[in-house]
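K.L.:
Sequence first, predicted model second:
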Amino acid sequence: MRTGDVTAIVNKTDELIDAVNNGSTVDDNNTTTTPLVADAVFTGTATDITHYAGIAILVEADQAGTLTVQFSGNGTDWHEGESYDILANATKFFTPPAQAQYFRIVYTNGDTDQTEFHLHTVLKKYPIRWSAHNIDDPIEDQDDAELVKSVITGKRADGIYDNVSLTNGANMKVSLEELESGISTNSNSQLKTTIYDEGGIPASVDDSTESLQIIDYEHHEIHSGSHYFVDGYQDLSINQVMDFTWQMPDTLKWIHWTWNLAVESETLYQIYELAVATNPLANTVTPFNNNRNSTNTSGTIMKFEVQTNLAAANADTSVATATLLASGIIGAGKNGGFNSRSRELVMKQGALYLLRSTANAAGYQNFVMDWYEHTDKH
């Protein structure tokens, strides 16, 4: 049994510090189990935390709310510290450090009356472990966190430890050395880039030459269902005019166009940009999708009509202010004639185009127009 004088240790408010509980004190000023009505606010009473190292808060409510920790140097002027969004029916623990002489909790309920509310605050005399979670617990925005900076260090083959560095793009550098026998033949200076199918077979490599097989972009557009065509013929009498008007969409979907025209007899062909449909042509042409499994339709509007003569054609579709992109005489020879543009034109957004052929002599005219519709990336 110990005899003699014993000095009791008290805190600033003359409370006896209990050595058995390591100086932990329930803060009744900021503890409550009284449910709050909709939008009500619980404001705790100022507690002197001068002799405490940390604060442990447990909160659970059957309605969502917001918990804010406030600090003050004089118990009157308050400054907000951490603020937490509290989910309904979710128990949360928070351990904000002591930041000033006085502390209190302000809790704001949501727009529904609570039927259950638990707010418990314990002041810790000695340092405590801040928010701790099981390894498999998901991290949430409202969890407490400490800022930790670290450097990753590894041991090299020569036994020297070295720090891991970053690339110029601020990404962690990695090495492929452990895989080099399978993906490189020259110590990672050059990687193998063969394309394989789902079964691991090089599906895009020619069996004989082992060269990489590719398709051009226009061919890709056929596969993707964005490639269209119009194909047909007309039997024109002398001086008759075959007109196609073609309205471009005023969007970022651009039209990449090629065409060809084959005629039996002498014909004048003309292609105009920014024609004016004074009297829209009578027949609507529906383009076909090159990918017959696709349900995509063209974003353009094409119309067609055979006119009696050039004057009638000009009366319906004016070219007075249009730009003539191409023209020529074909079919003047013994075996007819042919002209085409195999190098695509990228058509102007929102413009009306006119493909016109005027028969200087009677005969058949065959036409084919191909295009794909590509959304511009810039």
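P.N.:
Cool, the structure landed. Computed from a predicted structure; not experimentally measured. Residues are numbered from 1 along each chain as shown.
K.L.:
Distance check, the spatially most central residue of the chain against W257.
P.N.:
The chain has K377 as the residue nearest its centroid, 14.3 Å off, counting by CA atoms, centre = their mean. Distance, K377 to W257, using CB to CB, to the nearest Å: 19 Å. Any C-beta I mention is one placed from the backbone N, CA and C, and that applies to glycine too.
K.L.:
Give me the sheet partners of the lengthiest strand in the chain and which way each runs.
P.N.:
Taking DSSP state E as the criterion, the chain has its longest strand at strand 363-375. Applying DSSP bridges, strand 363-375 is found paired with strand 227-236 (antiparallel), strand 253-263 (antiparallel).
K.L.:
tell me the average confidence for the first one?
P.N.:
So the one you mean is strand 227-236. Per-residue pLDDT over strand 227-236 has a mean of 95.
K.L.:
What of stretch 126-133?
P.N.:
64.
K.L.:
Repeat that for stretch 81-96.
P.N.:
Averaging pLDDT along stretch 81-96 yields 88.
K.L.:
likewise stretch 329-346?
P.N.:
Stretch 329-346 shows a mean pLDDT of 72 in the predicted model.
K.L.:
Next: stretch 141-160.
P.N.:
Rounded to a whole number, the mean pLDDT of stretch 141-160 is 76.
K.L.:
What lies in contact with it?
P.N.:
Stretch 141-160 is contacted by residues 82, 84-86, 92, 94-96, 130-131, 133, 161-164, 172 when judged by CB atoms under 8 Å, 6 or more residues apart in numbering.
K.L.:
Quote the end-to-end distance of that stretch.
P.N.:
Start and end residues of stretch 141-160 are separated by 39 Å (CA to CA, to the nearest Å).
K.L.:
now swap in stretch 356-367 and tell me
P.N.:
This stretch, stretch 356-367, spans 11 Å end to end (CA to CA).
K.L.:
So what's the gap between it and the chain middle?
P.N.:
Distance, stretch centre to chain centre, for stretch 356-367: 51 Å (CA atoms, centre = their mean, to the nearest Å).
K.L.:
Not counting its own residues, what contacts that stretch?
P.N.:
Identification of contacts with stretch 356-367 by CB under 8 Å, 6+ apart yields 230-244, 259-272, 310, 313, 317, 329, 331, 336, 355.
K.L.:
By mean pLDDT, which helix or strand of the chain comes out lowest?
P.N.:
helix 180-183 (a mean of 56; mean pLDDT, DSSP states H and E).
K.L.:
which stretches of the stretch 251-378 of the chain have low pLDDT?
P.N.:
The stretch 251-378 of the chain contains residues with pLDDT under 70 at 333-341, 378.
K.L.:
and if you look at the stretch 1-150 of the chain?
P.N.:
In the stretch 1-150 of the chain, residues with pLDDT under 70: 1-23, 127-137, 142-147.
K.L.:
any chance you could map the strands in it?
P.N.:
Using DSSP state E, counting those that start in this stretch, the strands of the stretch 1-150 of the chain run over 25-26, 41-43, 47-48, 54-61, 65-72, 78-86, 92-94, 102-109, 117-124.
K.L.:
Pull up the pairing partners for the longest one, direction included.
P.N.:
By that I understand strand 78-86. Using DSSP bridges, the strands paired with strand 78-86 are strand 65-72 (antiparallel).
K.L.:
tell me which residues of the partner strand are tucked away?
P.N.:
Of the residues in strand 65-72, 65, 67-72 count as buried by neighbour count, 16 or more other CB atoms under 10 Å.
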